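>>> with the input below, show me the fold.
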Amino acid sequence: MLITYYSQSGNTEKLAQEVAKGAKSIENVEVKLLSIDQVKESDLLDASAIIVGSPVYNANVAPAVLEFINSWPFEDRPLKNKIGAAFSTGGGISIGEELVMLNILHSMLIQGMIVVGGEETEAGFGASAVTGEGPFDGGEMNELFLKKGFGLGSRVAKLVAKFPAD
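Below you'll find the model as predicted:
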């Protein structure tokens, strides 16, 4: 499985690391954690699952992540039937975390991917974290959000183990 992200402040990278921890907690699943600028086309094609993370930019996916997704191979739909999931971080409550995850998932659906959310009802669209407002403005990412990241990675890895690639 491939877990990939874009992070300027380090928050999305921190959540990506927690998603990877969750994925690695499942036996017999190989996990690659790469920033989007490190991903090669072969990483996408070889992965049974792809989890993409983005910070919120004006209630949107970061432009670098959109550029990355738009670079995915499309002809003959080589990503079809791979598992897809998303995570996001934002500097405030209700600043667009769910919109970002949904936009990533929409792109995965166009590719023919099978999309899944997180482990809990409260992580239905994936894992998200608020990092800069109210009780979540303390420097360290709140344990609640780390737990959601771990759960997302674990859930996707369980599905990869259950439904191996053709």
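>>> any idea of the pLDDT on residue 70?
At residue 70, the model reports a pLDDT of 96.
>>> same question, the one 3 residues further on
According to the prediction, residue 73 has pLDDT 94.
>>> now do residue 93
pLDDT, residue 93: 85.
>>> do the one 3 residues further on as well
As summarised for this prediction, residue 96 has a pLDDT of 91.
>>> for burial, what's the neighbour tally of it?
Using other Cβ atoms under 10 Å, residue 96 has 21 neighbouring residues. The C-beta positions use only the backbone N, C-alpha and C, and glycine is treated the same way.
>>> and the closest residue in space to it that isn't next to it in sequence, what is it in contact with?
Once flanking residues are discounted, residue 96 sits nearest to residue 59: 3.3 Å by Cβ to Cβ, 6 or more residues apart in numbering. With contact taken as Cβ atoms under 8 Å, 6 or more residues apart in numbering, residue 59 is in contact with 95-96, 99-100.
>>> and residue 119, how far from residue 147?
Residue 119 sits 9 Å away from residue 147, going by Cβ to Cβ, to the nearest Å.
>>> over to residue 13?
Counting by Cβ to Cβ, the gap from residue 13 to residue 147 is 17 Å.
>>> most neighbours among the contacts of residue 59, please name it.
Sorting those by how many neighbours each has (other Cβ under 10 Å) puts residue 100 first, at 29 neighbours.
>>> that residue contacts residue 61, doesn't it?
Yes: the pair residue 100 / residue 61 is scored as a contact, 5.2 Å apart, by Cβ atoms under 8 Å.
>>> who touches both of the two?
Shared contacts of residue 100 and residue 61, defined by Cβ under 8 Å, 6+ apart, are found at residue 54.
>>> which residue, other than its chain neighbours, is closest to the most far-flung residue of the chain relative to its centre?
Each residue of the chain has a distance to the centre, and by Cα atoms, centre = their mean the biggest one is for residue 134: 24.5 Å. Counting by Cβ to Cβ, 6+ apart, residue 93 is the residue found nearest to residue 134 once chain neighbours are left out, at 6.4 Å.
>>> surely the one you found is in contact with residue 130?
Yes: in this structure, residue 93 is within contact of residue 130 by Cβ under 8 Å, at 5.4 Å.
>>> pull out the buried positions in the helix ranked longest in the chain.
For the chain, the helix with the greatest residue count under DSSP state H is helix 143-162. Neighbour counts over helix 143-162 (16 or more other Cβ atoms under 10 Å) mark 145-160 as buried.
>>> next: stretch 83-101.
The neighbour-count check on stretch 83-101 (16+ other Cβ under 10 Å) flags 83-91, 95-101 as buried.
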